[in-house]
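Peer 1: using only what follows, build the 3D model:
(chains A and B)
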Amino acid sequence: MTATGSSEGRAGVEVRLEHLTRKYATTTALDRLTLTLAPGELVALLGPSGCGKTTALRLLAGLEEADSGRVIIAGKDVTNVPANRRNIGMVFQAYSLFPHMSARQNVEFGMQLQHVGPAERRERATEVLDLVGLAAHANKFAHQLSGGQQQRVALARALAIKPKVLLLDEPLSALDAKVRARLRDEIRRVQLEVGITTLFVTHDQEEALAIADRVGVMQSGHLEQLGPPTEIYSRPATPFVAEFVGLTNRIKGEVHGGTVDVRGTRIPLVDPDVDDGPATALVRPEAVTLASNGEMEDGPLVGTVIAIAFLGAMSRVTVDLGDTIVLAQMATSAASQTPAGTKVRLTLRPDPVLIQREQPAATAP
Amino acid sequence: MNRSRRIKLQIFRITVFLVLGAFFLVPIGAMFEFSTRGNAINAPRTLEAWIQIAKTPGLTDAIVASLELAAITSILMLVLVLPTMVWVRLRLPRISRIVEFICLMPLTVPAIALVVGIKPIFIWMSNFTDSILILSFGYVILVLPYSYRSLDAGLSAIDLKTLSEAARSLGAGWGTVMWRVVVPNMPSAILNACLLSVALVLGEYTFANLMNYENLQVAIAYVGLTSAGTSIAVAVASLIFAFALLLILSFVRRPRTGFAAADPVELDLAKPLALSGAVIGRAGR
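Peer 2: Just a heads-up that it's a prediction; the model follows:
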């Protein structure tokens, strides 16, 4: 299947969610969410359980109704259009293949409902199954396919109806790590080849950062930050984003004139326009380097290695500074120079950091 | 599992099978033996009682009426209960307990009380038709608890929410979701619910008798007043019919595509016997 052939008549469309609100009893799952997906763009919604990301996706799919707000696809307001008339392809978290149908029949199901002729249906089913690399398994039933294969058939089924938008609701979460990484890349390849506007919901930050054009980090029903993966990681807008995306060291310091003094090291602030005073600096492990050169005097950044986590090419070293624990991430070859028990001196790279103020203690009325 | 334990387990299974088989088959064998006795002591075996089934006035009509009632009741039950259960599971799960309570309630209401309660409705309906087939509306109430349990087990065995949402996202309306996704994925549960309905309707006596209709069991009772052999022959025939249905069912539901493997509503050899027991039990009400 060629990219041109597959994307014929289905170039990406713009999708807009405008001030979407959804409440369940007393809980607000989505709080005036506004999000625009550019044509052909893949946006990942990332956040912890209950942050509203799946609710946003379901409102876009039409599987739930919004309390207020609008859903606009290709300039058309579809807020009140039922799910079966929105022409949106969806891959679910749970395996969703119809068990009584073969892979091919699953893929042809949506086309049958669109009254596509048998010959064209068969041809297109073969094309999309080929696109996901499963043409040879067309006659197998769900129970004869692995989890990864089932999700690929589900992707083919969603694409076969030539949808305007593709929705992926944590489609990889039930798979093992290796299959997940492979299928993640495959989804991205297919999405780029077809050029379809895609919303991908996940709680896995690695998945979101690896696959998306833009990542939206959600908390308590609203977007904390929306931007390219590199921006989300290196310039988090809020302490929540900094802590949720990647690992973060929380080290106490003192703010002075737009910088924060962290144990004797002055680090610039992402937002320098803050009041002076005590604060907690959020420092990435890769901004921490360590050195060990024999005897060294005690100091605020001198501590003892207590653990090394091997991550492949990289390793994460845990250092006990006495009153706090600091993580440092570095090449495994460098980490192997400082085994557990080694006394080391930490150096903090002066990358701009976010700070968090101590919440004032609640006072009795 | 070691060999001696396996042999012991096998012996236990065979023993249970034989005891249960004897429990159900001995009375049926005795019925058959009685229905083939001659009229005099030491008279030779005869099938006269069985031949009389076709010759006894009204009996064939009663059999046909009961079969029609069984079919209509099964269809009505499915049309009423299955979409309701699917809708409650998907859209109103908080009222599922109430629906369950309503469906199981007929178990606690004696048939005679039910008849007294709904007789005014039937009297009103008799303004439009006096066909025995209107009993099927009452029978739907009687079969509710059994069909509910069977369908509930079938729906629990599939991921109804995901499958229906997947179908909806592919363009399916609710009718298509029901007909092409839900029903094909719970064939055993649906067939079991229908079979229970058929068994119950074929064995129902009280309702029809009090409403002055002549169904199979009422006819058997009348025939029994003049010809005990023929009435027993009809009872045995109805049991054999139920067995035949179960046998057909057990072949129909053999997994061809794999979906049945995930369906927990299993039938085993003991179940047809248990169901035939329901027929016997109802016949006596």
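
Peer 1: which part of the stretch 201-350 of chain A gets nearest to chain B, residue-wise?
Peer 2: Across the stretch 201-350 of chain A, no residue is closer to chain B than residue A:201, which sits at 14.2 Å (CB to the nearest CB). All C-beta spots, glycine's among them, are computed from the backbone N, C-alpha and C.

Peer 1: for the residue nearest to residue A:259 when sequence neighbours are not counted, what are phi and psi?
Peer 2: Spatially, and ignoring its direct neighbours in sequence, residue A:259 is nearest to residue A:266 (4.8 Å; CB to CB, 6 or more residues apart in numbering or on different chains). Torsion angles at residue A:266 (phi, psi; degrees, to the nearest 10) stand at phi -90, psi 130.

Peer 1: and residue A:266, how many neighbours?
Peer 2: When neighbours are counted by other CB atoms under 10 Å in any protein chain shown, residue A:266 registers 15.

Peer 1: now residue B:44
Peer 2: Count around residue B:44 with other CB under 10 Å applied: 8.

Peer 1: separation between it and residue B:126?
Peer 2: As judged by CB to CB, to the nearest Å, residue B:44 and residue B:126 stand 48 Å apart.

Peer 1: now for the chain, the helix or strand with the poorest mean pLDDT.
Peer 2: No chain was given, so I picked chain A. The helix or strand of chain A with the lowest confidence, counting by mean pLDDT, DSSP states H and E, is helix A:3-7 at a mean of 38.

Peer 1: quick one: what helix or strand has the residue of the stretch 1-150 of chain A found nearest chain B in it?
Peer 2: Of all residues in the stretch 1-150 of chain A, residue A:110 sits closest to chain B, at 3.5 Å by CB to the nearest CB. Assigned by DSSP states H and E, residue A:110 falls within helix A:103-113.

Peer 1: how about the residues of the stretch 51-200 of chain A by chain B?
Peer 2: Residues of the stretch 51-200 of chain A lying near chain B by CB under 8 Å from any CB of the partner chain: A:61-63, A:82-90, A:92, A:94-102, A:109-110, A:113-114, A:141-144, A:154, A:157-158, A:161, A:167.

Peer 1: so residue A:66 makes contact with residue A:79?
Peer 2: Yes - the criterion here is CB atoms under 8 Å, and residue A:66 meets it with residue A:79 at 6.6 Å.

Peer 1: so the residue of the stretch 201-350 of chain A closest to chain B makes contact with residue A:54?
Peer 2: Yes - shown here, residue A:201 and residue A:54 form a contact pair, counting by CB under 8 Å, at 5.6 Å.

Peer 1: buried set for stretch A:256-274?
Peer 2: For stretch A:256-274, the neighbour count (16 or more other CB atoms under 10 Å in any protein chain shown) marks A:259, A:260, A:262, A:263, A:265, A:267, A:269, A:270 as buried.

Peer 1: now stretch A:246-258
Peer 2: A:246, A:248, A:249, A:250, A:251, A:253, A:255.

Peer 1: which residues of the stretch 201-350 of chain A fall in strands?
Peer 2: Counting by DSSP state E, counting those that start in this stretch, the segments of the stretch 201-350 of chain A that form strands are A:214-219, A:222-227, A:249-256, A:259-262, A:265-268, A:277-283, A:288-291, A:302-310, A:314-320, A:325-331, A:343-348.

Peer 1: any idea how far the second one is from the chain center?
Peer 2: From the chain centre to the centre of strand A:222-227 is a distance of 12 Å (CA atoms, centre = their mean, to the nearest Å).

Peer 1: swap in stretch A:274-292?
Peer 2: 25 Å.

Peer 1: same check, this time on stretch A:163-171
Peer 2: That offset, for stretch A:163-171, works out to 14 Å (CA atoms, centre = their mean).

Peer 1: so the strand or helix carrying residue A:124 versus helix A:103-113, what angle?
Peer 2: Per DSSP H and E: residue A:124 is located in helix A:118-131. With axes from the mean of the first three to the mean of the last three CA atoms, to 10 degrees applied, the angle from helix A:118-131 to helix A:103-113 works out at 130 degrees.

Peer 1: residues touching helix A:118-131, excluding its own?
Peer 2: Helix A:118-131 is contacted by residues A:1, A:5-6, A:103-104, A:107-108, A:111-112, A:116, A:135, A:137-138, A:153, A:156-157, A:159-160, A:190, A:193-194 when judged by CB atoms under 8 Å, 6 or more residues apart in numbering or on different chains.

Peer 1: 7 Å instead?
Peer 2: Residues outside helix A:118-131 that contact it (CB atoms under 7 Å, 6 or more residues apart in numbering or on different chains): A:1, A:6, A:103-104, A:107-108, A:111-112, A:135, A:138, A:156, A:159-160, A:190.

Peer 1: ok, how many other residues are close to residue A:104?
Peer 2: Other residues lying near residue A:104 total 22 when counted by other CB under 10 Å.

Peer 1: what about the helices in the stretch 151-300 of chain A?
Peer 2: Ranges of helices within the stretch 151-300 of chain A are A:177-194, A:205-211, A:229-234, A:239-244, based on DSSP state H, counting those that start in this stretch.

Peer 1: closest to residue B:147 out of these?
Peer 2: Closest to residue B:147 of the helices of the stretch 151-300 of chain A, according to CB to CB: helix A:177-194, at 41.5 Å.

Peer 1: re earlier: any shared contact partners between residue A:201 and residue A:54?
Peer 2: residue A:169.

Peer 1: which positions in stretch B:82-102 come out as buried?
Peer 2: Here stretch B:82-102 shows B:82, B:84, B:85, B:86, B:88, B:89, B:99, B:100 as buried, counting by 16+ other CB under 10 Å.

Peer 1: show me what contacts the residue lying closest to the first one once chain neighbours are set aside?
Peer 2: What sits nearest to residue B:82 in space, not counting adjacent residues and going by CB to CB, 6+ apart, is residue B:151, at 6.0 Å. For residue B:151, the set of contacting residues under the criterion of CB under 7 Å, 6+ apart consists of B:81, B:82, B:85, B:189, B:193.

Peer 1: helices or strands next to the helix or strand where the third one lies in the packing?
Peer 2: Right, the one you point to is residue B:85. Assigned by DSSP H and E, residue B:85 belongs to helix B:59-91. Contact analysis of helix B:59-91 by 3 or more CB pairs under 7 Å, 6 or more residues apart in numbering or on different chains; DSSP states H and E lists helix B:96-104, helix B:135-156, helix B:160-169, helix B:187-202, helix B:216-226 as its packing neighbours.
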